[in-house]
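In: coordinates only, sequence not included:
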């Protein structure tokens, strides 16, 4: 059975942030935190999913997520180029494998999330 509540350190790890950042987010109202009977911060699993932007419970350390719309998918051989528009004129272009396009079911007009980690763009549908 999956956990429903996480300690501050567990929640920070799941979100890919430091405990200090979680505390700052709590003070700023960016994260919904409750307190246990010892007055320690507790974060619900639903809140962690909300902040990560996914409902699957997938653990990804990338923090930069952009909800976008796929505007073009060009498959050539084993590779594919996927263009996403975050908000006009902001667009991202990712080079992924043909298999990734098929596994994610990427098609023009569908919603997707571009996850940026360093110089890599990861696409989540």
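Out: That came in fine, so what should we check first? All figures in this text were calculated on a predicted structure; none of them were measured in a lab.
In: buried sites along the host helix or strand of residue 12?
Out: For residue 12, the element it lies in under DSSP states H and E is helix 8-15. Within helix 8-15, the residues scored as buried using 16 or more other CB atoms under 10 Å are 8, 11-15. Backbone N, C-alpha and C define where each C-beta goes, glycine included.
In: separation between residue 39 and residue 17?
Out: Counting by CB to CB, to the nearest Å, the separation of residue 39 from residue 17 is 21 Å.
In: And the contacts of the helix or strand of the chain with the lowest mean pLDDT?
Out: Using mean pLDDT, DSSP states H and E, strand 120-124 stands out as the lowest-scoring helix or strand of the chain, at a mean of 74. Residues outside strand 120-124 that contact it (CB atoms under 8 Å, 6 or more residues apart in numbering): 54, 60, 62, 82, 84, 92-94, 96, 100, 104, 106, 112-116.
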